[in-house]
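how would this look folded up:
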Amino acid sequence: MKMKMKVKVMLVDDHSLFMEGLQYLLETHEINVVDTAKDGREAFTKAIALKPDIILMDIKMPECNGLDALKLIKAEMPDINIVMLTTSDEDEDLFEAIKFGASGYLLKNTNARELVAMLSNIEKGEVPLSPGLAMKIFKEFRHNNHCANFPHHAVKDSMGLPLTERQLEVLEMVARGNTYKETAATLGLTERTIKYHMGRIIELLHMENRAQLIAHAGRIGLVEGRESR
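The predicted model follows:
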């Protein structure tokens with residue numbers, strides 16, 4: 001099924017054959033690919049000129065890699081959505097990408113239908129993450145901040161603003177790696193309601209996207225705190 005998207009997408013990858021194939025795939029689904037770049041430096045220059053809505057960018061590239069380009073582009077255009085599309089499932093690359101503002105992290109074994117759907121969902125405020133990566137983010141930030149026994153009442157205090165019990169339930173499930181659809185089914189709500197709650201949580205906690213919110217949940221020990229009640 002084709003999904004016509006009004007957003008402008010730029011592709012960044014040093015493997016020409018892969019990038020040409022990806023461009024063809026996206027354009028057959030009526031996704032507007034405005035340009036391509038072969039390394040991070042070229043991506044930075046073109047991003048400033050073209051102002052794409054979404055950049056799909058590899059990590060391992062010569063001269064200026066994807067993580068360095070991510071930092072450069074976000075410094076100049078903080079609102080741009082940059083999704084890393086890579087073969088690297090190394091934890092360090094994942095955590096660095098999220099730390100420096102990536103809007104998502106996808107592995108190149110993602111199938112075409114999932115990729116197109118995830119790009120469409122970016123417009124709805126969702127963050128594309130390959131299966132299992134959300135929990136990796138959560139575990140890493142929780143481990144580094146030693147918050148395993150955080151009490152439930154302190155969870156609200158640490159967030160700076162109190163969340164409702166329902167918002168905490170939604171945040172916990174999403175932090176565990178559940179999709180909005182799965183969260184809605186478990187809590188007996190509609191997917192639209194889950195999206196509304198997540199939008200409100202992101203707004204209240206002054207986060208940029210779902211990935212940063214998951215990292216924050218890890219820092220305050222949300223899942224373990226609620227399990228210890």
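
domain map for the chain?
5-131, 136-227 (automatic domain parsing).

which stretches of the chain aren't confidently modelled?
The model of the chain has pLDDT under 70 over residues 1-5, 124-125, 132, 134-162, 206, 216, 218-229.

tell me which residue is most central in it.
Centroid-nearest residue in the chain, with Cα atoms, centre = their mean: residue 104, separated by 2.6 Å.

correct me, but it touches residue 127?
Yes. Between residue 104 and residue 127 there is a contact under Cβ atoms under 8 Å: 5.0 Å. Placement of C-beta: from N, CA and C, glycine included.

which neighbours do the two share?
Residues touching both residue 104 and residue 127 (Cβ atoms under 8 Å, 6 or more residues apart in numbering) are residue 211.

picking that back up, phi, psi of the residue nearest to the centre of the chain?
phi -180, psi 170 (degrees, to the nearest 10).

repeat for residue 14
The phi/psi pair for residue 14 (degrees, to the nearest 10) reads phi -90, psi 0.

what about it, neighbour count?
Around residue 14 there are 18 other residues, counting by other Cβ atoms under 10 Å.

residues touching it, list them.
38, 39, 58, 60, 61, 62.

residue 46 and residue 10 touch, don't they?
Yes. With contacts counted by Cβ under 8 Å, residue 46 reaches residue 10, the gap being 6.5 Å.

so what's in contact with the two at the same time?
Jointly contacting residue 46 and residue 10 under the rule Cβ under 8 Å, 6+ apart are 35, 37.
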